[in-house]
Each structure stands twice: as C-alpha cells, then as structure tokens.
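Novice: Give the three-dimensional model of this entry:
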Amino acid sequence: LPWLDVAFGFAIAQASQIAGITPGNWGIAEWSWTGALVALGHGLSLAAGFALALRVVSFLGVLVVLAAAWVAHRALDQRSPQSSGADRPAAR
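Specialist: The predicted structure is shown next:
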C-alpha cells in the first residue's frame with residue numbers, strides 16, 4: 001500500500017476510535033481501515049487483510065511487552081537479597 005493511502009486510512013481509523021461504539025473499539029478500527037482503503041480504490045481483500053494484520057501485530061506487540069515485563073520482574077526478583085527473617089516481627 002502507498003504511504004499516502006496508509007496516512008489517509010490512519011486518520012479515518014483514529015477518528016473512528018473516538019466514537020467508542022464497542023467495548024475496546026473491537027471491530028471499529030478494522031471496518032474503518034477497510035472502508036478507507038476501499039474508498040481509495042484498493043480491493044476489499046487487500047484492505048481487510050491489511051486491517052486484520054494490523055490488529056494481529058498490535059496484539060502480538062502487547063504480548064511481547066507483557067512477556068518482557070514478566071521476565072524483567074523475575075530477573076529483578078532473583079537479584080534482590082533474600083530476607084533472613086530478622087527484620088520481621090516474631091509470630092505470637
């Protein structure tokens with residue numbers, strides 16, 4: 001897809017996100033991207049494929065960020081010194 005068409009589609013898709021019609025705007029971005037790209041003369045299958053690919057890539061991006069945060073948390077947790085229990089109050 002030409003970058004100018006992507007820029008136009010991005011503007012339409014982002015504007016449609018403001019409406020908040022569905023929870024999490026699921027489906028709205030896909031319809032917006034598809035409609036904008038079809039209006040620019042691209043085929044329906046290319047436009048829909050592009051919209052769905054964007055959803056998958058963004059979902060995978062979220063998974064990668066969550067996995068990296070978990071790994072960083074585990075690494076920092078293992079590096080922290082273990083408490084010997086001397087600083088805890090005695091159980092009654």
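
Novice: how about low-confidence regions in the protein?
Specialist: Within the chain, the ranges that satisfy pLDDT under 70 run 19-22, 24-26, 80-92.

Novice: redo that, cut-off 80
Specialist: 14-28, 79-92 (pLDDT under 80).

Novice: Could you pull out the buried residues of the lengthiest helix in the chain?
Specialist: Taking DSSP state H as the criterion, the chain has its longest helix at helix 44-79. Within helix 44-79, the residues that count as buried by 16 or more other C-beta atoms under 10 Å are Ala47, Ala48, Phe50, Ala51, Leu54. (Each C-beta comes from the backbone N, C-alpha and C, glycine too.)

Novice: number of nearby residues for the closest residue to the last one other than its chain neighbours?
Specialist: Spelled out, that is Leu54. The shortest distance from Leu54 to any non-neighbouring residue, by C-beta to C-beta, 6 or more residues apart in numbering, is to Trp33 (6.7 Å). Counted with other C-beta atoms under 10 Å, residues neighbouring Trp33 total 24.
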